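**Student:** what follows is a predicted protein model with its sequence.
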Amino acid sequence: MVDLQFSTLLFLSISMAFPLILIFLLKNPNPNSAAKTYPVVGSILTIWKNKERRVQWISDMIISTPTLTFTLHRPLGYRQMFTANAANVQHILKNHFYNYPKGATFRTILSDFLGDGIFNADGDTWKFQRQLASHQFNTRSLRKFVETVVDSELSDRLVPTLAIAASSAAAVDLQDILQRFAFDNICRIAFGYDPAYLLPSLPEVEFAVVFDEALHLISERFNSNIPFLWKMKRALGVGKEKQLREKVGEIREFAKRITREKKEELRRKSSLESEDLLSRFLSSGNSDEDFVTDVVVCFILAGRDTTSAALTWFFWLLSSHPEVEEEILREMKQGRESDDGGSYDEVKSMVYTHAALCEAMRLYPPVPVSTKSASCDDVLPDGTVVKKGTRISYHPYAMGRVEKVWGPDWAEFRPLRWLDHAGGKWSFVGRDPYTYPVFQAGPRICLGKDMAFLQMKRVAAGILRRFRVLPAEESVAPVYVSDFTSKMKGGFMVRIQERGEP
Ligand code: HEM
């Protein structure tokens, strides 16, 4: 009650400060250039001005600081820190891992959507899911994943869909197609369930629309300048919070249906024949329906938007770098001539393609920002003082743009920066995971990293072998948008052409 009164008072004081804000706005002709901070309202003007390009703006702010660490002052004294300093990232993700959990703020924002699922869990709940899920990502499971799920999805759905697009010469949205592909993939591998969203007819998919809208609304919570407001709307069940509740309800109902069907399947089977992740969770003794639903929703989130985002930007970058495309085609040809170990081994040997994907994700990391919360007061290696409870985000999008790290040509798409060439062969030269935390790093490093690379290389090869992918509007650069993952606003419209080669 006291808390509510206090928040109301603060809310009233910010409303009264509004005329002042306008005066400051007039005095500040270029608010994009810096995050000017004022009493009570913090940097709200600059935040508003940049709300359509939040990720890029924060990245500019970080890069303009000498230590690559930037503090954003939200209204009413809320602070959020952003860093692109590799030593800080190592400190947060590894050396002081236990001081930087997701934290209460993160969990509150995401709890109705992700519940206690792995993305939203800390401590023992996280550990339990991590351990159980990690079996799904061992070499045997990955080989099976590539040779059964990815390959059949590719040959039975993705290639036929693109072949139809090629014959009609109509523009298609590659971002949408890749998302459908990734969605079918993750459902098949994680839940042993095939939603069949990628069909040549590209049927309208209500679930995908609802999922995107829910992510957008959740992302608004994350970036809310006065969190009290969304909490109040949620309590009253009005406005965007009402919409969010309905959308989350639909998504969780979908996840529950998958869970119930799997339970039924497991009951029918005399022994545990299913090897998918969902079966593992349901057989783990922790088969509470709400919890397993949380797990399902998290894996949909992990698997649907990440690889599809990486591949969308990859194909866009390739379209203006024919020399990179040529080299990938050459590597594929060589791989097919020298390997007889099947698609898994062929994909493993695609070193140049691997580098090209890393390079695309340097510029457009599928997860551009990731946020933790300090459990105790701390000092980061660059000297930044962190107070208990502060939200602190590392920023892979900014980290891919640091000149000191990547050189003066950091803005160029240049896979060679990841490669050595000796004896006629490429070898991959990786970066440490704190300089390039695109898959996060430390104990919570992405569980699906190897699976993601296998899938992306297989898709890149499967598409490029047969088709050319040409942006429908060559002179128009895509507009970057992000609700958790790096997407192209309005999709990536392309024309598909058959290569006409065997
Ligand atoms: C290019 C593709 C991918 C990228 C760039 C990526 C990146 C990331 C990042 C940055 C995180 C940390 C998120 C956070 O906690 O804030 C993460 C976590 C995770 N990823 Fe991925 N991911 C990719 C694909 C996948 C795929 C295909 C799966 C498979 C299901 C997957 C499963 C997971 C899981 C389970 C976690 C949670 C790990 C934990 O908290 O212990 N990811 N990923």
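**Tutor:** Yep, it's here. Residues are numbered from 1 along each chain as shown.
**Student:** number of nearby residues for the closest residue in space to Pro160 that isn't next to it in sequence?
**Tutor:** Closest residue to Pro160 apart from its sequence neighbours, by Cβ to Cβ, 6 or more residues apart in numbering: Pro200 at 5.3 Å. (Glycine included, C-beta is placed from N, CA and C.) Per other Cβ atoms under 10 Å, the neighbour tally for Pro200 reads 14.
**Student:** Three-state assignment for Pro200, please.
**Tutor:** Per DSSP: H, G, I helix; E, B strand; the rest coil, the secondary structure class of Pro200 is coil.
**Student:** try Ser375
**Tutor:** Three-state assignment for Ser375 (three-state DSSP): coil.
**Student:** how much space separates the nearest residue to it once chain neighbours are set aside from the ligand?
**Tutor:** Distances taken as Cβ to Cβ, 6+ apart place Asn99 nearest to Ser375, at 5.1 Å, with adjacent residues excluded. Relative to the ligand, Asn99 is positioned 16 Å away (Cβ to the nearest ligand atom, to the nearest Å).
**Student:** now do the contacts for Asn99.
**Tutor:** Ala374, Ser375, Cys376, Asp378 (Cβ atoms under 8 Å, 6 or more residues apart in numbering).
**Student:** and the last one, what is it in contact with?
**Tutor:** Put plainly, it is Asp378. His96, Asn99, Val385, Val386.
**Student:** helix, strand or coil: sort out Glu474 for me.
**Tutor:** Per three-state DSSP, the secondary structure class of Glu474 is coil.
**Student:** need phi/psi at it.
**Tutor:** Per-residue torsions, Glu474: phi -60, psi -40 (degrees, to the nearest 10).
**Student:** chain neighbours aside, what residue packs nearest to it?
**Tutor:** Ser319 (7.7 Å).
**Student:** before we move on, back to that, so which of the contacts of Asn99 comes closest to Pro368?
**Tutor:** Closest approach to Pro368 among the contacts of Asn99 (Cβ to Cβ): Ala374, at 21.2 Å.
**Student:** ok, back up a step: neighbours of the residue nearest to Glu474, how many?
**Tutor:** Each residue near Ser319 was counted by other Cβ under 10 Å, and the total is 16.
**Student:** do Lys425 as well
**Tutor:** Lys425: 11 surrounding residues under other Cβ under 10 Å.
**Student:** show me what contacts it?
**Tutor:** Val351.
**Student:** where does it land on pLDDT?
**Tutor:** Looking at Lys425, its pLDDT stands at 84.
**Student:** about what we covered before: which among the contacts of Asp378 count as buried?
**Tutor:** Buried by 16 or more other Cβ atoms under 10 Å: His96, Asn99, Val386, out of the contacts of Asp378.
**Student:** before we move on, the earlier item: the contacts of Asn99 into a markdown table, with extra columns for distance to the ligand and pLDDT?
**Tutor:** Below are these laid out as a markdown table (distance: Cβ to the nearest ligand atom, whole Å; pLDDT from 0 to 100):
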| residue | distance to the ligand | pLDDT |
| --- | --- | --- |
| Ala374 | 15 | 97 |
| Ser375 | 16 | 97 |
| Cys376 | 20 | 97 |
| Asp378 | 19 | 98 |
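**Student:** select only the buried ones of those in PyMOL?
**Tutor:** Selection of buried members from those for PyMOL, criterion 16+ other Cβ under 10 Å:
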select buried, resi 374+375+378
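**Student:** so which two of the contacts of Asn99 are the farthest from each other?
**Tutor:** Top of the distance list for these (Cβ to Cβ): Ser375 and Asp378, 8.7 Å.
**Student:** residues of the protein that sit close to the ligand?
**Tutor:** The chain has residues 118-119, 130, 133, 186, 299, 302-303, 306-307, 310, 366-367, 370, 438-440, 444, 446-448, 451-452 near the ligand, with proximity defined as Cβ under 6 Å from any ligand atom.
**Student:** those in helices, which ones?
**Tutor:** Arg130, Ala133, Ile186, Phe299, Ala302, Gly303, Thr306, Thr307, Ala310, Met451, Ala452 (DSSP state H).
**Student:** mind listing what Ile392 touches?
**Tutor:** Contacts of Ile392 by Cβ under 8 Å, 6+ apart are Gln80, Met81, Phe82, Thr83, Ile92, Tyr100, Thr371, Lys372, Ser373, Ala374, Val386.
**Student:** distance of the second one relative to Ile44?
**Tutor:** This points to Met81. With the distance defined as Cβ to Cβ, to the nearest Å, Met81 ends up 17 Å from Ile44.
**Student:** which neighbouring elements make contact with the host helix or strand of Arg221?
**Tutor:** Here Arg221 is covered by helix 206-222, with elements defined by DSSP states H and E. In terms of contacts (3 or more Cβ pairs under 8 Å, 6 or more residues apart in numbering; DSSP states H and E), helix 206-222 is packed against helix 103-114, helix 174-191, helix 227-236, helix 239-268, helix 289-304, strand 480-483.
**Student:** how many other residues sit next to Gly335?
**Tutor:** Neighbourhood size, Gly335 [other Cβ under 10 Å]: 19.
**Student:** mind checking the SS state of it?
**Tutor:** Three-state secondary structure (criterion: three-state DSSP) places Gly335 in helix.
**Student:** using the three-state scheme, assign Val40.
**Tutor:** coil.
**Student:** same thing with Glu204?
**Tutor:** coil.
**Student:** so what's the residue of the chain found nearest the ligand up against?
**Tutor:** Residue of the chain nearest the ligand, by Cβ to the nearest ligand atom: Gly448 (2.1 Å). Contact analysis of Gly448 by Cβ under 8 Å, 6+ apart lists Phe137, Ala302, Gly303, Thr306.
**Student:** what about the last one, how many neighbours?
**Tutor:** A count of neighbours around Thr306, defined by other Cβ under 10 Å, yields 27.
**Student:** one more: Thr67?
**Tutor:** 16.
**Student:** returning to what we had before: what pLDDT does the residue nearest to Glu474 get?
**Tutor:** pLDDT recorded at Ser319 is 96.
**Student:** hang on, isn't it packed against Ala472?
**Tutor:** No. With contact defined as Cβ atoms under 8 Å, Ser319 does not reach Ala472; the gap is 10.5 Å.
**Student:** picking up where we left off before, and the residue nearest to Glu474, what is it in contact with?
**Tutor:** Contacts of Ser319 by Cβ under 8 Å, 6+ apart are Val469, Leu470, Pro471, Glu474.
**Student:** and the strands in the stretch 401-502 of the chain?
**Tutor:** For the stretch 401-502 of the chain, the strands defined by DSSP state E, counting those that start in this stretch occupy 419-422, 425-428, 467-471, 480-483, 485-488, 493-498.
**Student:** out of the ones you listed, which is the most enclosed?
**Tutor:** Using mean count of other Cβ atoms under 10 Å, the stretch among those with the largest mean neighbour count is strand 485-488, at a mean of 23.
**Student:** list the strands paired with that one, with their directions.
**Tutor:** Paired strands of strand 485-488, with direction, are strand 480-483 (antiparallel) (DSSP bridges).
**Student:** show me how far the strand it pairs with is from its chain's centre.
**Tutor:** 10 Å (Cα atoms, centre = their mean, to the nearest Å).
**Student:** which residues touch that strand?
**Tutor:** For strand 480-483, the external contacting residues (Cβ under 8 Å, 6+ apart) are 52-56, 212, 215-216, 218-219, 364, 368-369, 486-489.
**Student:** redo that, cut-off 7 Å
**Tutor:** With contact meaning Cβ atoms under 7 Å, 6 or more residues apart in numbering, strand 480-483 is reached by Val55, Gln56, Leu215, His216, Ser219, Pro368, Ser486, Lys487, Lys489.
**Student:** export that strand as PDB, just CAs?
**Tutor:** Extracted C-alpha coordinates of strand 480-483, given in PDB (Å, rounded to 0.1, in the frame of the first residue of the first chain):
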ATOM      1  CA  TYR A 480      16.800  -3.100 -38.400                       C
ATOM      2  CA  VAL A 481      14.300  -3.800 -35.600                       C
ATOM      3  CA  SER A 482      14.500  -5.800 -32.400                       C
ATOM      4  CA  ASP A 483      12.100  -7.300 -30.000                       C
END
